[in-house]
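In: The sequence and its predicted three-dimensional model are supplied below.
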Amino acid sequence: MKNLVPLLVFFAFCGCREISFKEPQPKGKKSLREVPEKLLGKYLLQEEKDTAKDTLVVTRQGYLIVSDRKQSLLGDSLVLKRYKGYYFLSINENPEWILRIIKREKNGDLTYMSMDEEDRAFKDLVNDLAREVGIDSVKIDDKMLYQIDPSPRQLINLIKKGYFKKTILMQRLE
């Protein structure tokens, strides 16, 4: 179970290279002060390729992954926004923001999406993405960061064009 939490990277940044953002997304849209009522509840977390399972508890203030026992609350470093039917969860990993996208399904399950790198080399992802939106790169502590700053419309287009892929389906328990 404990290896499921790092694999999900649901609310934490993994050590792998990833496209990041300069600010919480979508920029210019208002942050939610509380998690909306329709997202509250318990969800089964299970990686498709793994038999390990865990439970995610979503509360008004944030979330808790049961095996981790650490609650993460909405605030300055964890920002939730809603736009065009998607929920955008931005995680502050100074000096960058990592983005996860959540879509509520009609049956109450949650689809969790992240920027797709799995099917291609990172440099190919960067090259393809550069055709859609400007990319800034900066080297910090021997680590190269690639950041984008899309408009809300560009962000939705990135989702529609498949740059964000379903990572996991969180099955609603209650």
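Out: It's in. Numbers count the residues shown, from 1 in each chain.

In: what separates the host helix or strand of Ser20 from the chain centre, distance-wise?
Out: Assessed by DSSP states H and E, Ser20 sits inside strand 19-21. Centroid displacement of strand 19-21 relative to its chain, using C-alpha atoms, centre = their mean, to the nearest Å, is 11 Å.

In: any idea of the mean pLDDT in the very next helix or strand once past that strand?
Out: Sequence order places strand 41-46 as the next helix or strand after strand 19-21, per DSSP H and E. Confidence for strand 41-46, expressed as mean pLDDT, is 91.

In: Please report the distance of the residue sitting furthest away from the middle of the chain from Arg69.
Out: The outermost residue of the chain relative to its centre, with distances by C-alpha atoms, centre = their mean, is Asp142 at 24.6 Å. Computed with C-beta to C-beta, to the nearest Å, the distance linking Asp142 and Arg69 is 33 Å. Bear in mind the C-beta positions are built from the backbone N, C-alpha and C, glycine included.

In: Quick check: beta-bridge partners of the most centrally placed residue in the chain?
Out: Nearest to the mean C-alpha position of the chain, by C-alpha atoms, centre = their mean, lies Arg100 at 1.1 Å. Counting by DSSP bridges, Arg100 forms beta bridges with Leu89.

In: wait, it sits on Leu89?
Out: Yes. Counting by C-beta atoms under 8 Å, Arg100 touches Leu89, with 4.5 Å between them.

In: Could you list the low-pLDDT ranges of this protein?
Out: 1-16, 47-51, 116-119 (pLDDT under 70).

In: hmm, try it at 90
Out: Within the chain, the segments meeting pLDDT under 90 span 1-18, 45-53, 67-71, 94-95, 116-123, 138-144, 167-168, 174.

In: Good, wrapping up.
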